[in-house]
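Undergrad: just the structure for this:
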Amino acid sequence: MTKPRIFSISNQKGGVGKTTTTVNLATALAALEKKVLIIDLDPQGNATVSLGGQRRLGNYNSYTVLTGRHTVAESVMKTDIPYLYILPASQELLGVDIELADVDRPQFFLKNALDNLSDFDYVFIDCPPAVGLLTMNALVASTSVIIPVQCEYLALEGVADLIKTIERVKKNFNPDLEIHGIVMTMFDGRSNLSKSVVNDVREFFGHLVYETVIPRNVRIPEAPSHGKPVMLYDFRSVGAQSYIRLAGEVLKREKEKNMI
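TA: Residues are numbered from 1 along each chain as shown. Prediction:
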């Protein structure tokens, strides 16, 4: 049984493009006929809405899977995109930190739910912008982390804390967890600040930073309001093309890892 590669898309800082990266990277891989599952673990449910779905209350969703009421297999939804599925979010996720705090090994609920999953090539977990029990569950269940970083002042602020969290998870819960890469988002080529931030991040993190940079492009924030990834909303846009290139980089790194 071949298990899927599981990616957490995470950053403790909000508004850096986590959901946009999750949805569009998953869509790009699905376009290559990879079977992909998005798990929306953010109570805001933006990944769910971005694919034309609705957050589910008291039904089959990531909350009921996390709390053991339902399995992943019976809870996933098909999207309008071939090969792409989603486990929708629920506002009930807001109470997970309190509800599971006194349960034995609460960090392993999602991992346990995904252990027998073999129907997908890739799983992308859209994490909330905080290091609570939801993000911990995502990191414990994942093989890799992709970190979106916005091209703005204090961009490294949340990344350093997230890397410390990843190291703690590796030490205590998931020794195989690794940082797959850092993707720079919302890049403005006319701004010296954007260029400076990219240079600083590349200097600090080296090869971990993907070559592809996601630009500021009006089509990217417009697309979710139409319930579509940017590649379906405007395939020719620079935003859509940048995510296609990023998917190529992710697959290249995956291939290199498998050859080692």
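Undergrad: please make it C-alpha for all contacts and neighbour counts, starting now.
TA: Noted.
Undergrad: what is the burial count for Met186?
TA: 21 (other C-alpha atoms under 10 Å).
Undergrad: then the host helix or strand of Glu167 to PDB, C-alphas only?
TA: Using DSSP states H and E, Glu167 sits in helix 157-172. Taking Å, rounded to 0.1, in the frame of the first residue of the first chain, the C-alpha atoms of helix 157-172 are listed here in PDB:
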ATOM      1  CA  GLU A 157       8.900  37.200  12.300                       C
ATOM      2  CA  GLY A 158       6.600  34.100  12.200                       C
ATOM      3  CA  VAL A 159       8.900  31.800  10.300                       C
ATOM      4  CA  ALA A 160      11.500  31.600  13.100                       C
ATOM      5  CA  ASP A 161       8.800  30.600  15.600                       C
ATOM      6  CA  LEU A 162       7.300  28.000  13.200                       C
ATOM      7  CA  ILE A 163      10.700  26.400  12.600                       C
ATOM      8  CA  LYS A 164      11.200  26.100  16.400                       C
ATOM      9  CA  THR A 165       7.800  24.400  16.500                       C
ATOM     10  CA  ILE A 166       8.700  22.000  13.600                       C
ATOM     11  CA  GLU A 167      11.900  21.100  15.500                       C
ATOM     12  CA  ARG A 168       9.900  20.300  18.600                       C
ATOM     13  CA  VAL A 169       7.500  18.200  16.600                       C
ATOM     14  CA  LYS A 170      10.400  16.300  15.000                       C
ATOM     15  CA  LYS A 171      12.000  15.700  18.400                       C
ATOM     16  CA  ASN A 172       8.900  14.600  20.300                       C
END
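Undergrad: between helix 157-172 and the helix or strand that it is followed by, find me the angle.
TA: As assigned by DSSP H and E, the chain's next helix or strand after helix 157-172 is strand 178-187. Here the directions of strand 178-187 and helix 157-172 differ by 170 degrees (axes from the mean of the first three to the mean of the last three C-alpha atoms, to 10 degrees).
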